[in-house]
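# Following is a predicted model, sequence given first.
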Amino acid sequence: MRIAVAEIMQETDSFSPLTAELGDFETYGLYFGKEILERMPGVGPIGGFLEVAAEQAPPVEVVPIMRACGNAGGTISAATLDFLAKRFVEGLKQSLPLDGVFLSLHGAAASEKEDDVEGYLLQAARAVVGGKIPIVVALDHHGNITQKMVDHANTLIGHETQPHDPPATGRKAARILFRMLRGDIRPTSRWQKIPMITPQDQFLTSEAPMKEWFDLARQMEQRRGVLDVSPYPMQPWLDVAEGGWSVVVHTDNAPELAQELAAEMADLAWRLRERFWASARVAPREAVRRAAAAERGLIILSDTGDSVYGGAPGDSTCILRAMLDERIASPAFVPMVDAAALQMALAAGVGAEITLDLGGKMDNIFSQPVQVTGKVAAVSQGFAVDLHDRGLCDLKRTALLQVGSIFIALLDHRSFAINHPVLYTHLGLDVADARMVVVKTASNFQFFERWRQGLIRVDSPGTTQSDLTAFQWKRLPRPIYPFDPLADWRL
């Protein structure tokens, strides 16, 4: 049994000033052939697939093609998509004959030439392997489902939780694939587009209302003949022609049941729509005041407008400026992507005092540079760390700038570690000493859980902000809730 395995994953922020180039994929992980088998066990959906494949009898021949992870960022350049698609198609052709294909995609990738990257890749894959070979796809549940994706994949299996558990999604998709290949099941899929878009504030699946929607999916999966129910609350910064929420239901040769459940899921999402817009966001200066006044730390300040995990540049000065204005005296940790500032700190050296304009260089629409004077407290010329199911993370050069009680970790590129304690500990800081830490994400707080005493969602501006009316939407289909009056999701 020969199964081709590949991953091409990127989450696009249509409003980001960045363009995703091949270097972004190299930063987060660009591997080919056998290197995938060496680097990916336990990592992401491919890691989950490899785990299940190892349990099969007779043994499975895994044919690794490529792994290209661009994480989240701006629109993918045309040249980069051309390169990735060419290598993918060539790899598939060279791997024939195949019994199946396992793909790890995001679901919310857009390029300069194609705003449905996943559909484009799936169509290309189907053209190579033909109509009879099963193609099973593991997706981020913040993806955007399109007709082309549904037409060219046998299954589209989304994450079950936020924060995500990518290996678990890979295991779930892999088990369905092997059951198909053994002839135990005949998956049929039905899907429903839901004309709505919502901010990120209520995306945690451990809390209502999102928990209610995802709990219903898990309950449906207990019914006889139901293989998978995948809700897709699309990430809200994707301006594409088929944008909006979706649900995909897979059953064992029961299309009518799949359609019935898809409609039931859509009904519940629609009934909950107003609750998905509920917000507990706090203005930046008020958020800083509350954190400083807390009896004990660590207070997480979620920089919702500059979420690097959502594709933002990572150089917003909004919360930093509020800290400076409030003249906070308690220790605060702040990450900042600013290559020029980092170079100045490295050139000055540890112990030097420097004055510089910090941040606001990539996103100069929602953020402006702030002038600071501080001491270079530490530098690192290169640090790589294994972040377990996230894989190897190379922080490269970093520096720590101390401005009063504020410790600013300077990076020259966006990295998964920007929201991880290792960013500070590798520069000599102890997270337990901080009263507050800025995280550039709206929902991935789990890495600071052992120290966390509180959480404040900051109503910060930026390319991932929750005020979706601040953006100029050009391609999103209309009508759509809440921008247009809609009485029902059935248009």
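In hand now; what should we look at?
# How is this structure partitioned into domains?
With domains defined by automatic domain parsing, the chain comprises 2-276, 284-465.
# Quick one, which of these gets closest to R490.
R490 sits nearest to domain 2-276 of all the domains of the chain, at 8.3 Å, using C-beta to C-beta. To be clear about C-beta, it is placed using only N, CA and C from the backbone, and glycine gets the same treatment.
# And that closest one, end to end?
43 Å (C-alpha to C-alpha, to the nearest Å).
# could you pull out the helices for the stretch 151-300 of the chain?
Along the stretch 151-300 of the chain, the segments classed as helices by DSSP state H, counting those that start in this stretch run 166-182, 210-220, 255-271, 284-293.
# now these as TSV including mean neighbour count?
TSV is the format used below for these (neighbours: other C-beta atoms under 10 Å):
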stretch	mean neighbour count
helix 166-182	22
helix 210-220	17
helix 255-271	19
helix 284-293	20
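# what ranges of the chain fall below the confidence cut-off?
Residues of the chain meeting the criterion pLDDT under 70: 389.
# now do 50
Across the chain, nothing is flagged by pLDDT under 50.
# who's in contact with the residue lying closest to I157 once chain neighbours are set aside?
Among residues not flanking I157 along the chain, A173 sits closest, at 4.1 Å (C-beta to C-beta, 6 or more residues apart in numbering). By C-beta atoms under 8 Å, 6 or more residues apart in numbering, the contact list for A173 reads P45, G48, F49, F102, V136, V137, A138, T155, I157.
# could you dump these to CSV with neighbour count and secondary structure?
As requested, those are arranged in CSV below (neighbours: other C-beta atoms under 10 Å; DSSP: H, G, I helix; E, B strand; the rest coil):
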residue, neighbour count, secondary structure
P45, 32, helix
G48, 28, helix
F49, 31, helix
F102, 28, strand
V136, 26, strand
V137, 26, strand
A138, 31, strand
T155, 23, strand
I157, 26, strand
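# Show me the two of the residues you listed that sit farthest apart.
It's G48 and T155 that sit farthest apart of the contacts of A173, by C-beta to C-beta, at 14.4 Å.
# any idea which strand is longest in the chain?
Secondary structure of the chain per DSSP state E: the longest strand is strand 61-73.
# So which other helices or strands are in contact with that one?
Counting contacts by 3 or more C-beta pairs under 8 Å, 6 or more residues apart in numbering; DSSP states H and E, strand 61-73 is packed against strand 2-12, helix 22-28, strand 30-32, helix 35-39, helix 44-53, helix 78-95.
# The last one: which residues count as buried?
When you say that, I think you mean helix 78-95. Judged by neighbour count using 16 or more other C-beta atoms under 10 Å, the buried positions of helix 78-95 are T80, L81, L84, A85, R87, F88, V89, G91, L92, S95.
# so what's the second one closest to, chain neighbours aside?
The reference is to L81. The shortest distance from L81 to any non-neighbouring residue, by C-beta to C-beta, 6+ apart, is to S111 (4.2 Å).
# With V60 instead?
Nearest non-adjacent residue to V60, counting by C-beta to C-beta, 6+ apart: A53, 4.5 Å away.
# same question, S466
Of all residues not flanking S466 in the chain, P199 sits nearest, at 3.7 Å (C-beta to C-beta, 6+ apart).
# thought that neighbour was touching A278?
No - counting by C-beta atoms under 8 Å, P199 stays clear of A278, with 9.4 Å between them.
# quick revisit: please name the bridge partners of the residue nearest to L81.
I76 (DSSP bridges).
# for R67, same thing?
For R67, the beta-bridge partners are E7, Y31 (DSSP bridges).
# now the one 4 residues further on
Legend: beta-bridge partners of N71 under DSSP bridges are Q10.
# which residues sit in contact with it?
Counting by C-beta under 8 Å, 6+ apart, N71 touches M9, Q10, E11, D24, T27, Y28, Y309, R414, F416.
# ok, so of those residues, who is nearest R457?
Of all the contacts of N71, R457 sits closest to Y309, with 14.4 Å by C-beta to C-beta.
# Excluding chain neighbours, what is closest to the closest one?
Leaving aside its sequence neighbours, Y309 sits nearest to T441 (C-beta to C-beta, 6+ apart; 4.4 Å).
# shouldn't the one you found be in contact with G305?
No - counting by C-beta under 8 Å, T441 sits too far from G305 to count as a contact (11.2 Å).
# The two: who's more crowded?
Taking other C-beta atoms under 10 Å, T441 and G305 do not tie; G305 has more neighbours (28 against 23).
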